[in-house]
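Peer 1: Just the structure for this:
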Amino acid sequence: MRRLALLAVVLISTTARAQDEFEIQVYDVETAKQGEAGLELHLNHHLIHAAPDQTHLTFEPHYGLQSWLELGGYFQTALTTSGDFAYAGVKVRLKARWPRRVWDERLGLAANVEVSAVPARFEANVWGGEVRPVLDLVVGRLYAAVNPIIDFDLQGAVAGHPQLQPAVKVAVVLTPAVMIGVEAYGAYGPIDDLGSEKVERVFGVVDVKGSWWSLDVGIGASWGLPDHPIGKLIFGLDLF
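Peer 2: Have a look, this model is predicted:
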């Protein structure tokens, strides 16, 4: 019985890694201004104990290399249900955006490329990365963003088989500083074997922006995993 319980935990953990549990975020097209630095703190917490790694805290510094080009990184940590605090990997990313919005300033375009090194405890493949096209749309008070993410392992069982992990956000702008909406995340396995895996999450979210800070909070449920509900918080600071 104990072996079966251990196997179930391993399977849950392995499937859950099909979606990024350290950065639950739909990207917009914006990049930091040239010479501008900032920091985001990502806190994701499983509100029940179905997930072995219950709380994830990620530090994401970023810097504007050009007005259209941003360099960023992630330092990931995890707190398990047994109380262990663990190092959970690093990632480096580069995000470039089309210099100006198109279609009467409604549509923005960008792309983010990322390479990661994550301990096998959290990702069996250890080395990986992603290519994340970003499109966002502003029409009146409606805001929408689409990230058709292509994730890839650089070693392991599915190395050489890019995986589809789309993310979408739709929101209503209530005031210049407040937005409320819905985010959806999916993982559907390798592109050459779509449907071999299916994990979906939906979050209700609220975004608030100040002159030098930002806050994104939300709570979500998942299909394909028994790990819901999940709470998330992203706190951003403009450093200089």
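Peer 1: Point out where the protein drops to low pLDDT.
Peer 2: 1-18, 49-52, 227 (pLDDT under 70).
Peer 1: Mind jotting down where the helices sit in it?
Peer 2: 2-16 (DSSP state H).
Peer 1: residue boundaries of the strands in this structure?
Peer 2: Secondary structure of the chain by DSSP state E: the strands cover 37-46, 55-66, 69-79, 85-97, 107-117, 127-139, 142-153, 163-175, 178-187, 199-209, 213-223, 230-238.
Peer 1: Output these in a markdown table; the columns should cover mean neighbour count.
Peer 2: Bear in mind the C-beta positions are built from the backbone N, C-alpha and C, glycine included. As requested, the strands of the chain are arranged in a markdown table below (neighbours: other C-beta atoms under 10 Å):
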| stretch | mean neighbour count |
| --- | --- |
| strand 37-46 | 18 |
| strand 55-66 | 18 |
| strand 69-79 | 19 |
| strand 85-97 | 18 |
| strand 107-117 | 18 |
| strand 127-139 | 18 |
| strand 142-153 | 18 |
| strand 163-175 | 17 |
| strand 178-187 | 18 |
| strand 199-209 | 18 |
| strand 213-223 | 16 |
| strand 230-238 | 17 |
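Peer 1: Out of those strands, which gets nearest to residue 19?
Peer 2: For residue 19, the closest of these is strand 178-187, at 4.8 Å, according to C-beta to C-beta.
Peer 1: Note down every partner strand of the closest one and its orientation.
Peer 2: If you go by DSSP bridges, strand 178-187 pairs up with strand 163-175 (antiparallel), strand 199-209 (antiparallel).
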